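K.L.:
I'll drop the sequence and a predicted model, then ask my questions.
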Amino acid sequence: MRYAGVDIGGTNIKIGLVDSETGLLETVTFPSFPGDAEKLAEEIALCVRDMNVRAIGVGTAGSVHLDTELVYASNLKWWGVPFRKYLEEKSGLPVWVDNDAQCAMMAEVFDGALQGVKNGIYLTIGTGIGGAILINGSPWRASNNVGAEFGHMVIHGDGEVCPCKRRGCFERYASASALSRMADGLTAREVFDGAKKGNVHLQSVLEKYYHELGIGMVSIVSIFNPDVIAIGGGVSAAGEVLLRGVERAFDEQMSGRKDFFKGQFRLAKHLNSAGMLGAAMLAKYHFTEE
């Protein structure tokens with residue numbers, strides 16, 4: 001059975017045709033146009049029309065309230081938009097709309113870092129920090145699908161002010177933006193590349209960054225103690241050096257209590273295709289073939 005997976009971004013819209021057994025088959029990309037949700041639904045419906053799919057899955061930034069089916073996404077200028085309703089009306093197909101982190105997690109469940117995992121955490125580290133939770137093999141939703149805001153758990157009481165207005169949030173210290181601030185404006189890639197080439201200052205910056213990541217990981221493990229923590233987002237492109245740094249900082253923070261956490265840290269497999277593939281997998285999950 002085939003599904004359409006839609007990744008809605010502030011810059012581009014990516015639509016993937018996904019086979020439920022083999023994965024992503026083909027993709028279509030076109031520029032986004034924030035603000036006009038009904039027009040966007042119409043454009044997506046036109047692209048999906050000839051794909052012969054069972055249902056459509058959609059991933060978007062922001063908050064997707066499952067109780068009201070309304071989407072709140074500032075980068076799209078959506079404030080209480082019934083996007084599922086719009087797209088179902090335009091396409092005539094069942095539609096599932098979800099947060100982009102939930103979609104990325106489901107891509108990893110399909111054939112990535114969380115495949116075969118019963119209890120896991122997906123952590124996306126980019127401009128901010130987001131995440132999703134897998135419990136007993138199913139995505140955990142909270143009461144209205146607004147949860148797993150790992151970026152806004154407090155890791156430093158009375159710390160720096162976050163854009164959310166709270167102090168000491170995890171993403172204020174451990175996002176790609178935080179790393180850039182630590183490195184006087186260099187990008188995360190430039191920091192990792194420079195450290196790899198032997199720049200002592202950037203190596204020191206990375207150690208401080210790993211320390212902050214380690215603090216957050218200890219909090220996550222203390223609450224969930226998952227089988228796997230999968231790390232995705234732009235920072236994960238650093239690869240194994242990031243993974244080893246996180247593991248080392250986590251062990252230091254745990255003060256030798258290696259008996260508590262028996263799980264693993266893993267790098268997410270899917271990057272640019274995660275939103276499309278995961279959205280399609282969520283459509284499959286919620287509209288199972290009869």
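P.N.:
Great, that's in hand.
K.L.:
buried stuff in stretch 125-136?
P.N.:
125-134 (16 or more other Cβ atoms under 10 Å). For glycine as for every other residue, the C-beta is placed from the backbone atoms N, C-alpha and C.
K.L.:
Rebuild those as JSON lines, extending it with secondary structure.
P.N.:
Formatted as JSON lines, the buried residues of stretch 125-136 follow (DSSP: H, G, I helix; E, B strand; the rest coil):
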{"residue": "125", "secondary structure": "strand"}
{"residue": "126", "secondary structure": "coil"}
{"residue": "127", "secondary structure": "coil"}
{"residue": "128", "secondary structure": "coil"}
{"residue": "129", "secondary structure": "strand"}
{"residue": "130", "secondary structure": "strand"}
{"residue": "131", "secondary structure": "strand"}
{"residue": "132", "secondary structure": "strand"}
{"residue": "133", "secondary structure": "strand"}
{"residue": "134", "secondary structure": "strand"}
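K.L.:
Can you tell me which of the residues you listed lies closest to residue 66?
P.N.:
Distance to residue 66 across the buried residues of stretch 125-136 (Cβ to Cβ) is lowest for residue 132, with 13.7 Å.
K.L.:
Got the confidence number for the closest one?
P.N.:
pLDDT for residue 132: 94.
K.L.:
and it, what are its bridge partners?
P.N.:
With DSSP bridges as the criterion, residue 132 is bridged to residue 122.
K.L.:
tell me the contacts of it?
P.N.:
99, 101-102, 104-105, 121-122, 139-140, 148 (Cβ atoms under 8 Å, 6 or more residues apart in numbering).
K.L.:
What subset of these is buried?
P.N.:
For these, a neighbour count by 16+ other Cβ under 10 Å gives the buried set as 99, 101-102, 104-105, 121-122, 139-140, 148.
K.L.:
Helices - which of those residues land there?
P.N.:
101-102, 104-105 (DSSP state H).
K.L.:
right, and out of those residues, which lies closest to residue 196?
P.N.:
residue 104 (26.2 Å).
K.L.:
Could you report the separation of that closest one from residue 195?
P.N.:
26 Å (Cβ to Cβ, to the nearest Å).
K.L.:
Could you work out the most separated pair of the ones in helices among the buried ones among the contacts of residue 132?
P.N.:
Applying Cβ to Cβ across these, the maximum distance is between 102 and 104, 7.4 Å.
K.L.:
Is it correct that residue 3 falls within a helix?
P.N.:
No - Residue 3 is assigned strand when assessed by three-state DSSP, not a helix.
K.L.:
So for it, what pLDDT did the model give?
P.N.:
For residue 3, the model assigns a pLDDT of 97.
K.L.:
ditto for residue 290
P.N.:
At residue 290, the pLDDT value in this model is 42.
K.L.:
same deal with residue 100?
P.N.:
Note on residue 100: pLDDT of 91.
K.L.:
From residue 263, how far out is the closest residue to it other than its chain neighbours?
P.N.:
In space, and not counting its chain neighbours, residue 100 is closest to residue 59: 4.4 Å by Cβ to Cβ, 6 or more residues apart in numbering. The span separating residue 59 from residue 263 equals 26 Å under the rule Cβ to Cβ.
K.L.:
same thing with residue 207?
P.N.:
In terms of Cβ to Cβ, residue 207 sits 24 Å off from residue 263.
K.L.:
more neighbours, those two?
P.N.:
Each of residue 207 and residue 263 had its neighbours counted (other Cβ atoms under 10 Å), and the higher figure belongs to residue 263 (17 against 13).
K.L.:
contacting residues for the more buried one?
P.N.:
Per Cβ under 8 Å, 6+ apart, neighbours of residue 263: 221, 225-229.
K.L.:
go again using 10 Å as the cut-off
P.N.:
Applying Cβ atoms under 10 Å, 6 or more residues apart in numbering, we find residue 263 in contact with 117, 119-121, 221, 224-229.
K.L.:
Which residue is the nearest non-sequential neighbour of it?
P.N.:
Residue 263 sits nearest to residue 227 (Cβ to Cβ, 6+ apart), 4.8 Å away.
K.L.:
Would you confirm that that neighbour contacts residue 221?
P.N.:
No - with contact taken as Cβ atoms under 10 Å, residue 227 and residue 221 are classed as non-touching, separated by 11.1 Å.
K.L.:
Give the residues shared as contacts by the two.
P.N.:
121, 261, 263.
K.L.:
in this structure, which spans are helices?
P.N.:
37-48, 83-91, 100-111, 170-174, 176-182, 188-196, 200-224, 240-253, 274-286.
K.L.:
Save those as JSON lines, and put in distance to residue 23 too.
P.N.:
As requested, these are arranged in JSON lines below (distance: least, Cβ to Cβ, whole Å):
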{"stretch": "helix 37-48", "distance to residue 23": "18"}
{"stretch": "helix 83-91", "distance to residue 23": "22"}
{"stretch": "helix 100-111", "distance to residue 23": "6"}
{"stretch": "helix 170-174", "distance to residue 23": "30"}
{"stretch": "helix 176-182", "distance to residue 23": "27"}
{"stretch": "helix 188-196", "distance to residue 23": "27"}
{"stretch": "helix 200-224", "distance to residue 23": "28"}
{"stretch": "helix 240-253", "distance to residue 23": "24"}
{"stretch": "helix 274-286", "distance to residue 23": "6"}
